[in-house]
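> for reference, the sequence and a predicted model appear below.
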Amino acid sequence: MSQQSVLYDVPGPRQRRLTLIGSVVATVLLLVAAYFLIYRPLDDKGQFSMELWGPLIDPSNENFSLVWDRIGLGFKNTLTAAALAIVSSLVVGTLLAVLRIQLKSLTRRRFTGLATPLAYLLRGLSALLSAVTRVCVEVFRGLPVVITIFFVARGFPEFGVSFDTLWYLVIGLTIYNSVVIAEILRSGMEGLPGGQAEAAAAIGLSPAQTTRMILLPQAFRIMLPALISQLVVVLKDTSLGFIISYEETLNIGKQIIGVLDNPIQVYVVIAVMFIVVNYALSKLAQYVQRRLSRGRKTAGTPAQNPPPAALSAQAEGTGGA
Amino acid sequence: GDDADEGTGAGSKSFAAGSTMERLNKAQAIKIGTKFDQPGFGQKGLSGKPEGFDVEVAKIIVKELGIPEDKIEWVEAPSKVREDVIVNGTVDLVAATYTINDKRKERIAFAGPYYEAGQNIMVKKDDTTITGPDSFKDGAKKVCSVTGSTPAEEIKKYVKDVATQLVLFDTYDKCRDALKGGQVDAVTTDNVILLGYIAKDEASFKLAGENFTKEPYGLGVKKEDTDFRNFVNDTLEKAFADGSWKKAWDDTAGKFGAELGSAPTVNRY
Amino acid sequence: MSVLIDKFDVFAGGFWLTLQICVLAAVGALILGAVLAVLRISPVPPLRAVGTGYVNIFRNMPLTVVMFFAAFGLPALGSNADFLRIPVLDSLFSRLGTDLPYFRFALVALVLYTAAFVCEALRSGVNAVPAGQAEAARSLGLTFGQNLRYVVLPQSWKASVVPLGSVIIAMIKNSALVGFFGVVGDLSQTADQLTSAEGYAFVPVAIGISIGYLIMTVPLGALLDRIEKRQAVAR
Amino acid sequence: MTTGEPLIVLDSVNKWFGPLHVLDDVSLSVGRGEVVVVIGPSGSGKSTLCRTINRLEPINSGTITFDGQPLPAEGKALAKLRSEVGMVFQSFNLFAHKTILENVTLGPVKVRKEKPAAARERGLALLDRVGIANQADKFPAQLSGGQQQRVAIARALAMQPKAMLFDEPTSALDPEMVGEVLDVMTSLASEGMTMVVVTHEMGFARHAANRVIFMADGQLVEDAPPAEFFANPRSERAKDFLSKILTH
Amino acid sequence: MTTGEPLIVLDSVNKWFGPLHVLDDVSLSVGRGEVVVVIGPSGSGKSTLCRTINRLEPINSGTITFDGQPLPAEGKALAKLRSEVGMVFQSFNLFAHKTILENVTLGPVKVRKEKPAAARERGLALLDRVGIANQADKFPAQLSGGQQQRVAIARALAMQPKAMLFDEPTSALDPEMVGEVLDVMTSLASEGMTMVVVTHEMGFARHAANRVIFMADGQLVEDAPPAEFFANPRSERAKDFLSKILTH
Ligand SMILES: Nc1ncnc2c1ncn2[C@@H]1O[C@H](COP(=O)(O)OP(=O)(O)OP(=O)(O)O)[C@@H](O)[C@H]1O
Ligand SMILES: Nc1ncnc2c1ncn2[C@@H]1O[C@H](COP(=O)(O)OP(=O)(O)OP(=O)(O)O)[C@@H](O)[C@H]1O
Ligand SMILES: [Mg+2]
Ligand SMILES: [Mg+2]
């Protein structure tokens, strides 16, 4: 509605009439197109037959409960991997964000109280550390998650460390998502009105206290919608587990298809499951966003910066696979 | 307990100290790599358990180790990771339509063979243009196989333009679907795999011609673990002799109408 | 490390193929995304519903599933995506014209999926134009079309550039998936091929592949950062 | 100063934002050449009142007539009406991607179909009049707030409007810049422009307004000449408001 | 009102932002209990001057001493200094995620290591003093601007500072709310708090300040008691500025 009001005047009677006519015409055209381009070809190939759909939607079908037991297991595995990945990404991401912010303020310090060589050493060290974290962030942000997961699953055993495939998936997802979450939080902290950090400094809080007590909690709050969207991304990305034989929903779906030979039907069911869960999550994100901005609107304080466009888009867009 | 008469349970059999057999028997657990998408050999059914000839052969070995069947952890081992999972120790044994060849022997060792398959070509039922591997030499027909598999390498000798003619997937299921959907003209791999697909959908597919290679299937074990390899070989010979090998076949791939033939000679290199 | 030199042509070929996919998919996604954005902000409710429905479906579905749908659904609809065998283009991008449809299927999947995000980026650009701009235009007496043309779109375009760039970066990364869906010879499939089938050591191959992707993503990301900083200053 | 029939007439106008009654049976008429200042506490509906007059906000009931005609609901007629009513916003709302001169000439060229050259000439004259002809080729962001607001006034004037609406034109400005904008407005008023001005600048209300209107909670509470209003507000609310705003 | 050695002394302070010379050889001393009002056009360096005193802005040359000690450059010592100088910002800068009372007690508990119970009690007393004790458990966003700014003052006072800095404390407020904040500041001044106040409220400068300082282009141009300054500004720039700000 908000963008509606930017572009459009409140419609008058003529405009309403035109809209109505347009709606009817568009609906008819859409239905006709859907019938001829989608329904008819599928029907011709027998894709609506009960033989293909039965095991998925007909409880009296002999395979129904077996199939759904398997899908249930897959979905449980999907949720397990997503939950582990998001929790560890949050933990690692928060640490990384704090580390980067601390390093930034550290590199600005001159350590005037210390002996000159020591001060130079400390300054050099913090500059080095901050460069290293920066490079890590850029590299892991720039690599496809599929590749990261693949590398983890192939690389770890190479060095004699092997886990369950679940953990390869979780580690791969964590490497990528913690970097993204760190950037979300960091930009959340840097996007806060400068006055928040200044006010904290002005009552004598140290930079570390300021980050911990003032910036981080607020960044979490402001970035909550972006963080929830990231959860959607993680959930979607767990489906990459199939490349390393982790038995998540999609992989199990493939096994079922191997037996029942009904790919379209199984993928429709799986797609619907993902869409429902993720749609609910994005609605939650929107709801949180609205609540936050309503709280802000009544505030006398100048509006807090919204998350940088690039970042929120990136968070969503990366929706890997 | 109850397992005693089955000859299972820790210490139920005695093996040389320090051997893999003793370790597995003590642990009463074993990890076996197999395929999850190979009808007749290794396929995960709706029950969630893998079924097939590979699976049954592996079970014979496991039984000989004194480990109950339900203690087996089945690990999916698609063609391209089979060496890796053995070398890394992710699994103790691989039974996954695993062709014995010298390149693979550089990294792992094979017990067996326990079956001799051969590469063949599957086409649509109504296809008369493809009659054997030579039909790909004209550069027009597309053929599908799996990344990193022997048949994929083999068929490269026949196709004119690898980039456009050879389609590689991670599983044969995709190849089959591609053939059915008409995106490829043929699927090539071991005859038994193809027979599995044909058995399920006789209306759509058939084999085009005779086997054009020999593909002895072996069980993959760690390269240096000669004791274990010998144990597996012994067990296989026993199974050839006592009929359990034949029964395993008849219960699984045999249902597809493929010939088992006489027992192969295990290769104790 | 010698694999990087010995197999340089394989890496380069993979890079080139991935680049082709990305260029084609980016163009397709931008076009489809723009159409969707128009639908989403149109005043006709059913069109808006189509746009919104599309975005909700494709944004919330794993790309993997979209790829499966392209690979199985298109044939079921009786199509080998032959509409993508566009005469001049297919000589430039050879894979477009081959009989083998997987490149085209992968392209369709990437375009369908990315378009949803492109649509949102464009829409966020329109939303980023302060309401006051359109109000000022309206109170001068500009009509809806004039308002859009002279005031809203020129500004929303600027606000869309950075989010669009992020979407494209994400798309480049997502393209890594096509190697797992039958497109032979792109960067990610190259990694698989060299390590699994040809038995090269893992680490050097991983480094080579990573460099291939980072060459595409990092400079683009840095460029976006600069644009964003410049815009922030201008504001 | 008022001549003939009134230019703007609001009759029993009501407006709700959801449950909020922001304009409560407001009736008001503004004569030609009259300058009406609207004051009142924050949230009392001043801006909304101002915005209903060129239908940036539609109303729920009542009628508004401009120059004898009821406000059109939509389309070309509405655009035409709006081109006859200049509006100046608190936050300037200059088109950020156009130069100062382009801001001023956009309306005349695109809406009134003037020749670009003629519009340009008149635009420069208007910029000269508000004292910023030398900035014509800069972009809004390069100007101070006071300068931007003067451009906004010039932009509105370029349409040769019959009336001008100002919604707190100086409250986003630094104190030194308030004067320069008020100067322009005062001179406009003295030239006979019909003006409705929402403002907190009591000085302007005192010496430039013909009438002061005091709003509270969506109601039009008082309507009196400035001298009378400031000397002797009738309602309690007005007294209270004035006491808050005039101390210090 | 001034006793003993001055509390704040700036000596030949210079500060550049890149090529911009924002503080140009500024020397100033503020005695204990003195109230100094800083005025001047936008961009003249008033805020910067104010912020250098608790080193929110570091300086390029010159010295600043507070209570006889030169300002520490960083670390614990700087945090301690800042806890002794209260600061009130134009945009309040209350911690948005903490309640009013938590805003006020955060500093005492975390920096001065007071017992939470004691801090709470003192916090409530301070909120009472600025007239908003009944809002203690609300969040900043639920308060009006004037209330928020009074909380900000209470937050600064909770640290029992030796001096208070105010940077345009009323210019983000709706006109009706300016008075309530100035009232609190006036009472602080009359109780002997040392204050440096950047403001455009000439009324406050006239009746609450001991001295008025006029800045322009980074330079401290005039420094005089308010009566003298307003009646008889010596420099042209001050005259010009006053004429702009006092008309209308
Ligand atoms: N678009 C809107 N949707 C919902 N409520 C609105 C909208 N615009 C204004 N309001 C509400 O209507 C009431 C009157 O708003 P209006 O802006 O007219 O007041 P005002 O007198 O101009 O106040 P101020 O001096 O703060 O500008 C306020 O309570 C405001 O919150
Ligand atoms: N962080 C900064 N970086 C660069 N320039 C700055 C910075 N802060 C302030 N300036 C510039 O320094 C000059 C003085 O700024 P300052 O905020 O001290 O002025 P002021 O007198 O407080 O103005 P105002 O009345 O607008 O608040 C201005 O030209 C301003 O643009
Ligand atoms: Mg208003
Ligand atoms: Mg300032």
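Perfect, thanks for sending it. Ligands and ions are numbered 1, 2, ... in the order given.
> for chain C, what is the nearest residue in chain D?
Distances from chain D to chain C, computed as Cβ to the nearest Cβ, single out D:Ser83 as the nearest residue at 2.9 Å. Backbone N, C-alpha and C define where each C-beta goes, glycine included.
> isn't that residue up against C:Ala137?
No - proximity of D:Ser83 to C:Ala137 does not meet the contact threshold set by Cβ atoms under 8 Å, at 11.3 Å.
> what average pLDDT does the helix or strand harbouring D:Gly203 get?
In this assignment (DSSP states H and E), D:Gly203 forms part of helix D:202-208. For helix D:202-208, mean pLDDT is 90.
> list of residues touching it?
Where contact means Cβ atoms under 8 Å, 6 or more residues apart in numbering or on different chains, the residues beyond helix D:202-208 that reach it are D:35, D:37, D:39, D:182, D:185-186, D:189-190, D:197, D:199, D:212, D:226-227, D:230, D:245-246, E:247-248.
> need the buried ones from those residues selected in PyMOL.
Selection command for PyMOL covering only the buried members of those, criterion 16 or more other Cβ atoms under 10 Å in any protein chain shown:
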select buried, (chain D and resi 35+37+39+182+185+186+189+197+199+212+226+230+245) or (chain E and resi 248)
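> let's see which of the contacts of helix D:202-208 end up in strands.
When strands are assigned by DSSP state E, the members of the contacts of helix D:202-208 inside them are D:Val35, D:Val37, D:Ile39, D:Val197, D:Val212.
> and the furthest pair within the residues you listed?
Longest distance between any two of these is 13.3 Å, between D:Val35 and D:Ile39; criterion Cβ to Cβ.
> off-centre distance for the helix or strand encompassing C:Pro219?
With secondary structure defined by DSSP H and E, C:Pro219 is part of helix C:202-234. Centre-to-centre, helix C:202-234 and its host chain are 16 Å apart (Cα atoms, centre = their mean, to the nearest Å).
> now it: buried residues?
Along helix C:202-234, these residues count as buried under the neighbour rule (16+ other Cβ under 10 Å): C:202-206, C:208-210, C:212-214, C:216-218, C:220-221, C:224, C:228, C:231.
> one more: stretch D:224-235?
Result for stretch D:224-235 [16+ other Cβ under 10 Å]: buried residues D:Ala224, D:Pro226, D:Phe229, D:Phe230, D:Pro233.
> contacts only, for the fourth one.
Yep, that's D:Phe230 we're talking about. D:Met202, D:Ala205, D:Arg206, D:Val212, D:Leu242.
> D:Asn14 belongs to a strand?
Yes - remark: D:Asn14 belongs to a strand, assigned using DSSP: H, G, I helix; E, B strand; the rest coil.
> ok, what's across the strand from it?
On the basis of DSSP bridges, D:Asn14 takes part in beta bridges with D:Ser61.
> and it, how far is that from chain A?
From D:Asn14 across to chain A, the span is 16 Å (Cβ to the nearest Cβ, to the nearest Å).
> so that residue makes contact with D:Leu20?
No - with contacts defined as Cβ under 8 Å, D:Asn14 does not count as touching D:Leu20, sitting 11.7 Å away.
> between these two, which one's more packed in?
Each of D:Asn14 and D:Leu20 had its neighbours counted (other Cβ atoms under 10 Å in any protein chain shown), and the higher figure belongs to D:Asn14 (15 against 10).
> residues contacting that one?
Taking Cβ under 8 Å, 6+ apart as the criterion, D:Asn14 is in contact with D:His21, D:Leu23, D:Asp24, D:Asp25, D:Val26, D:Ile59, D:Asn60, D:Ser61, D:Gly62.
> in TSV: those, plus pLDDT.
As requested, the contacts of D:Asn14 are arranged in TSV below (pLDDT from 0 to 100):
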residue	pLDDT
D:His21	93
D:Leu23	94
D:Asp24	93
D:Asp25	93
D:Val26	94
D:Ile59	92
D:Asn60	93
D:Ser61	93
D:Gly62	94
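> give the buried subset of those as a PyMOL selection command.
Selection of buried members from the contacts of D:Asn14 for PyMOL, criterion 16+ other Cβ under 10 Å:
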select buried, chain D and resi 21+23+24+26+59+62
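> settle it for me: which of D:Ser83 and C:Ala137 has more neighbours?
Neighbours of D:Ser83 and C:Ala137, each counted by other Cβ under 10 Å, are more numerous for C:Ala137; the result is 25 against 21.
> just give the nearest non-adjacent residue to the residue of chain D closest to chain C, would you?
Counting by Cβ to Cβ, 6 or more residues apart in numbering or on different chains, D:Ser83 lies nearest to C:Gly141, which is 2.9 Å off, once chain neighbours are set aside.
> also A:Met50?
Nearest non-adjacent residue to A:Met50, counting by Cβ to Cβ, 6+ apart: A:Asp58, 6.8 Å away.
> how near is that neighbour to chain B?
Applying Cβ to the nearest Cβ, the value for A:Asp58 to chain B is 15 Å.
> that residue against A:Phe64, yeah?
Yes - taking Cβ under 8 Å as the contact criterion, A:Asp58 and A:Phe64 are neighbours in contact, 6.1 Å apart.
> okay, the two: which has more neighbours?
Regarding A:Asp58 and A:Phe64, a neighbour count based on other Cβ under 10 Å identifies A:Phe64 as having more, with 16 against 12.
> how much space separates that one from D:Thr105?
71 Å (Cβ to Cβ, to the nearest Å).
> same check on C:Val38?
Here the distance between C:Val38 and D:Thr105 works out to 29 Å (Cβ to Cβ).
> show me which of the two is the more surrounded one.
D:Thr105 (26 against 14).
> residue contacts, that one?
So D:Thr105 contacts D:Pro116, D:Ala119, D:Arg120, D:Gly123, D:Ala158 (Cβ under 8 Å, 6+ apart).
> pLDDT score assigned to it?
Reading off the per-residue confidence, D:Thr105 sits at a pLDDT of 95.
> cool, the one 5 residues further on as well?
Taken from the predicted model, the pLDDT recorded for D:Lys110 is 92.
> next, count neighbours for it.
Burial measure for D:Lys110: 19 neighbouring residues, criterion other Cβ under 10 Å.
> try the one 5 residues further on
When neighbours are defined as other Cβ under 10 Å, D:Lys115 has 10 of them.
> separation between it and D:Ala158?
D:Lys115 sits 14 Å away from D:Ala158, going by Cβ to Cβ.
> same deal with B:Ile61?
Relative to D:Ala158, B:Ile61 is positioned 92 Å away (Cβ to Cβ).
> sorry, back to before: any idea which of the buried residues of stretch D:224-235 is the one closest to chain E?
Taking Cβ to the nearest Cβ as the measure, D:Pro226 is the one of those closest to chain E, at 13.6 Å.
> so that closest one makes contact with D:Arg211?
Yes - using Cβ under 8 Å as the test, D:Pro226 is close enough to D:Arg211 to be in contact (7.5 Å).
> now do the shared contacts for the two.
D:Val37.
> so is the helix or strand bottoming out on mean pLDDT in chain C next to chain B?
Using mean pLDDT, DSSP states H and E, the weakest-scoring helix or strand in chain C turns out to be helix C:94-97, at a mean of 71. No - for a cut-off given as Cβ under 8 Å from any Cβ of the partner chain, helix C:94-97 has no contacts with chain B; the smallest distance is 8.6 Å.
> which outside residues touch that helix?
C:17, C:20, C:24, C:84-86, C:89-91, C:103-104, C:107, C:183.
> ramachandran coordinates for whatever residue of the stretch 101-250 of chain B ends up closest to chain A?
Using Cβ to the nearest Cβ, the single residue of the stretch 101-250 of chain B nearest to chain A is B:Asp173, 5.3 Å away. Backbone dihedrals for B:Asp173, given as degrees, to the nearest 10, come out at phi -50, psi -40.
> what about it, how many residues close to it?
Taking other Cβ under 10 Å as the neighbour definition, B:Asp173 ends up with a count of 22.
> and it, how far is that from E:Leu143?
For B:Asp173, the distance to E:Leu143 (Cβ to Cβ) stands at 64 Å.
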